[in-house]
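Visitor: 3D, please:
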Amino acid sequence: MTAPKAAPKPAPVHVIADDAEAIAAATHLAAEFAKGASERDRDRRLPWDEIERFTASGLWGITVPREHGGAGVRSATLAQVIAIIAAADGSLGQIPQNHFYALEVLRSGGSPEQRRYFDGLALAGHRFGNALAEIGARDFKRRTRLFHDGDKLLVEGNKFYCTGAIYAHWIPTLVTDEDDRQQLVFIPREAEGVTITDDWDGFGQRVTGSGSVALRRVQVRPEWVIPFQDSFDRPTPIGPLAQILHAAIDLGIGKAAFAETLPFIRDRARPWLDAKIAHASEDPLTLTGIGDVSLRLSAAEALLNRAGRFVDAAKADPTEDSVAAASLAVAAARALTTTAGLLAANKLFELTGTSATFTDDNLDRHWRNVRTHPLHDPVRWKYHAIGNHSLNGIHPPRHGAI
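Guide: Numbers count the residues shown, from 1 in each chain. This is a model prediction of the structure:
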């Protein structure tokens, strides 16, 4: 358990102009990030240099709307960018998820002045992390408080699973105010009273930095407080936007596992003796398994792109029906990206054999990553939401996990 170094000051960043440039930038960076991904995972080495290059590329600003100087890319493009990066390094693909989530909370509930201010920071290279979740209670109520002490506005509490906070310049923190309403407070990472501990010990997604944040009488400004609960009392696309990013992470990791499987079978795997063939790549059962994985990953990607269109429709006109449709479309994508990703990681070993488990190859990182990340919220409840709507016509609930 270590206290991480301070996040560097934002460096000059490129401003991406459109969707095509965003995809090109992600593809270029992914080729670089893939080179050291295994070593970073094996050594639990936080990707500070990679995060700086990631930010400088302009990709962290691509959801800023055009009226504030950004590209305002389509939701499907954002998901594709995340999937491309996650295929290179699953942890790097997850780190900006809460950054984009915070920007959507801001877009849906912030004032025009708040939106201009924080959108401008995002374009200037500021990274937003998160301090949303808490442990130690089963009722999902947030015990981190926003309260007044004289003329001071203070935050007090403890957070965990704080993906991105270590690397952040600002930490959007979910609090309960004096009226027992939830708010999202953008807190400067280096504010007095903020302590970040790198104590994430999961066997997968090992360098996301998803550790702890302690907040001890942290003084904040009213203009840093963004309505949160209000944005779920009415239909907004915050939940579907958050979930499409999670789906993209799982898809990327699954595609990474599949990409490792193919050359291993061609170059290193031995054919099973009962197959009576010379090369593992000719095994009919192996070919069937490869076909199954390829089909499911392609279907998952198609559902992800489809979901992006529904999210964009809900952003353009957030109604009960449009937001519900977006949640259901994203739930379908999330269900398939999770199951297809897990299938790809399992088949990586099933179809290649014992030598694929060698420590030097570290291929198990793909299974560890795609098994760990979907635990963020259970895929079984995606099927429930879809089934309940199909059979009973009931819209999904409105929260950040659907």
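Visitor: What ranges does this structure have for its strands?
Guide: For the chain, strands defined by DSSP state E occupy the ranges 145-149, 152-159, 170-176, 182-188, 194-197, 212-220, 225-227.
Visitor: Take the third one, keep the C-alpha atoms, and write them as CSV.
Guide: Coordinates of each C-alpha in strand 170-176 appear next as CSV, following Å, rounded to 0.1, in the frame of the first residue of the first chain:
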residue,chain,number,x,y,z
TRP,A,170,-9.8,16.4,-10.3
ILE,A,171,-11.6,13.7,-8.4
PRO,A,172,-15.4,13.8,-8.9
THR,A,173,-16.7,12.6,-5.6
LEU,A,174,-20.2,11.3,-4.8
VAL,A,175,-21.5,12.8,-1.6
THR,A,176,-24.7,13.2,0.4
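Visitor: Who are the packing partners of that strand?
Guide: helix 97-109, strand 145-149, strand 152-159, strand 182-188, strand 212-220 (3 or more Cβ pairs under 8 Å, 6 or more residues apart in numbering; DSSP states H and E). In this view, the C-beta of every residue, glycine as well, is placed from N, C-alpha and C.
Visitor: Turn these into JSON lines, columns for distance to Ala122.
Guide: JSON lines is the format used below for those (distance: least, Cβ to Cβ, whole Å):
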{"stretch": "helix 97-109", "distance to Ala122": "6"}
{"stretch": "strand 145-149", "distance to Ala122": "23"}
{"stretch": "strand 152-159", "distance to Ala122": "22"}
{"stretch": "strand 182-188", "distance to Ala122": "11"}
{"stretch": "strand 212-220", "distance to Ala122": "19"}
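Visitor: hmm, back to that, among the strands of the chain, which is the most enclosed?
Guide: Ranked by mean neighbour count under mean count of other Cβ atoms under 10 Å, the strands of the chain are led by strand 170-176, which reaches a mean of 25.
Visitor: and the angle for it with strand 212-220?
Guide: For strand 170-176 against strand 212-220, the angle by axes from the mean of the first three to the mean of the last three Cα atoms, to 10 degrees is 90 degrees.
Visitor: For strand 170-176, what does the pLDDT average out to?
Guide: Confidence over strand 170-176 (mean pLDDT, whole number) is 98.
Visitor: the helices in the stretch 251-400 of the chain, which residues?
Guide: With DSSP state H, counting those that start in this stretch, the ranges of helices along the stretch 251-400 of the chain come out as 284-316, 320-350, 364-372, 380-392.
Visitor: looking at the helices and strands packed on strand 170-176, which is closest to Gly289?
Guide: Of all these, helix 97-109 sits nearest to Gly289, with 30.6 Å by Cβ to Cβ.
Visitor: Give me the contact list for the closest one.
Guide: For helix 97-109, the external contacting residues (Cβ atoms under 8 Å, 6 or more residues apart in numbering) are 60, 63-65, 78, 82, 114-115, 118-119, 122, 127-130, 132, 163-164, 168, 172, 184, 186, 226-228, 230-231, 236-238, 241-242, 245-246, 249, 315, 318, 400.
Visitor: can we see that at 7 Å?
Guide: Here helix 97-109 makes contact (Cβ atoms under 7 Å, 6 or more residues apart in numbering) with 60, 63, 78, 114-115, 118, 122, 127-130, 163-164, 172, 184, 226-228, 230-231, 236, 238, 241-242, 245-246, 249.
Visitor: Now go through the residues you listed and say which are in helices.
Guide: Members of these lying in helices (criterion: DSSP state H): 78, 114-115, 118, 122, 230-231, 238, 241-242, 245-246, 249.
Visitor: Mind listing what's buried along stretch 380-387?
Guide: Of the residues in stretch 380-387, 381-382, 385-386 count as buried by neighbour count, 16 or more other Cβ atoms under 10 Å.
Visitor: what would those residues look like in CSV with pLDDT and distance to Gly291?
Guide: Formatted as CSV, those follow (pLDDT from 0 to 100; distance: Cβ to Cβ, whole Å):
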residue, pLDDT, distance to Gly291
Trp381, 96, 30
Lys382, 97, 25
Ala385, 98, 30
Ile386, 98, 26
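Visitor: Return the member of those nearest to Phe54.
Guide: Among the buried residues of stretch 380-387, and counting by Cβ to Cβ, the member closest to Phe54 is Lys382, at 28.6 Å.
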